[in-house]
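# Build me a model:
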Amino acid sequence: MDAHYGQQPWLLSALEEEGLEYVADLPCDTRVYLDYPQGGVPPRKGKRGRMPRVPQGLEGSPIQVRTLLDSEQLEWHVVKVRDTQRGALWIQFAALRVYRIEEELPVERPVWLLIRRELATGEEKFSFSTLPEETSIEGLAHRQSTRYWVERALEDAKGLAGLDKYQGLGWRGWHHHYEYGTSGNAVPGGSQEAARGEGASAYLAGCQGYPGSSDAQKTAFSRGCCQDHPQETFESPPVQKK
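Numbering: from 1, shown residues only. Here you go, the predicted model:
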């Protein structure tokens, strides 16, 4: 999910109650607790003013996620996230268990805070995730990066299948148009791969998600339809820095 949905605590809580795993992008000023604080109604400061009634964390203070970038709390890793037309894409990646905040109170269940840093530009990206605690660093990095394929598929569908040409007013018409647009988008790409002798299955498998595809399918998919951003870095594994 993009940051518009990631900064809606009620939505994240609803997904967690349903037992659904998510990776939700965040604004850099999102506040979190590193340790679960004791909650309650704070005492009144001084003799004037109303008595406090709103519960909040009584121990420690929440911090903005961007303040963690230069802290010793993070252990940075250099991770390969996918193959592209220009070679392998490597990023710096860190993950930390934190407690997110809803209505000024810490949520009892910890979540992953995922931080991605581009090697070329230094641009950072923050995400919450409910992936299992035992998930590896590589697994966390790949799951955070899978949104790329969703965005790429939508862009291809707009250009190849006219997904952005809908001019109706009804939800049913939009759903039909979206279904035909996304389904039809797989046909040109599959035809291109079949013409190369790779087979349409490689294209379709790549569309269904980078992490679960074989190396040959990832390469075929990236050659067939991937147009990467110019600021991304593609090179051999760089020296790991903390």
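# Give me the contact list for stretch 113-128.
6, 12, 22-28, 30, 32, 65-66, 68-69, 74, 76, 78, 90-98, 100, 111-112, 129, 140-141, 144-145, 231-233, 238 (C-beta atoms under 8 Å, 6 or more residues apart in numbering). In short, each C-beta sits where N, CA and C put it, glycine included.
# Now it: buried residues?
Neighbour-count burial for stretch 113-128 flags L113, L114, I115, R116, R117, E118, L119, K125, F126, S127, F128 (criterion: 16 or more other C-beta atoms under 10 Å).
# The contacts of stretch 113-128 in helices, which ones?
Of the contacts of stretch 113-128, the ones assigned to helices by DSSP state H are G6, L12, L140, A141, Q144, S145.
# contacting residues for the first one?
Spelled out, it's G6. Each residue near G6 by C-beta under 8 Å, 6+ apart is listed here: L12, A24, D25, L26, P27, T30, S127, F128.
# Which residue is the nearest non-sequential neighbour of it?
Among residues not flanking G6 along the chain, A24 sits closest, at 3.4 Å (C-beta to C-beta, 6 or more residues apart in numbering).
# Who are the packing partners of the longest strand along the chain?
Ranked by residue count, the top strand of the chain under DSSP state E comes out as strand 87-102. When contacts are defined as 3 or more C-beta pairs under 8 Å, 6 or more residues apart in numbering; DSSP states H and E, strand 87-102 packs onto helix 9-17, strand 31-33, strand 77-84, strand 111-118, helix 137-145.
# ranges for the strands of the protein?
All strands of the chain, identified by DSSP E, fall at 23-26, 31-33, 39-40, 56-57, 63-64, 77-84, 87-102, 105-106, 111-118, 124-129.
# in the protein, which segments are predicted with low confidence?
38-44, 46, 49, 51-59, 186-242 (pLDDT under 70).
# Now with 90, please.
Applying pLDDT under 90 to the chain flags the ranges 1-3, 5-7, 35-62, 69-74, 79-91, 102-108, 118-123, 145-242.
# what's the domain layout of it?
Segmentation of the chain into domains, based on automatic domain parsing, reads 3-38+54-145, 151-225.
# quick one, which of these is nearest to R48?
Comparing those against R48 with C-beta to C-beta, the closest turns out to be domain 3-38+54-145 (18.0 Å).
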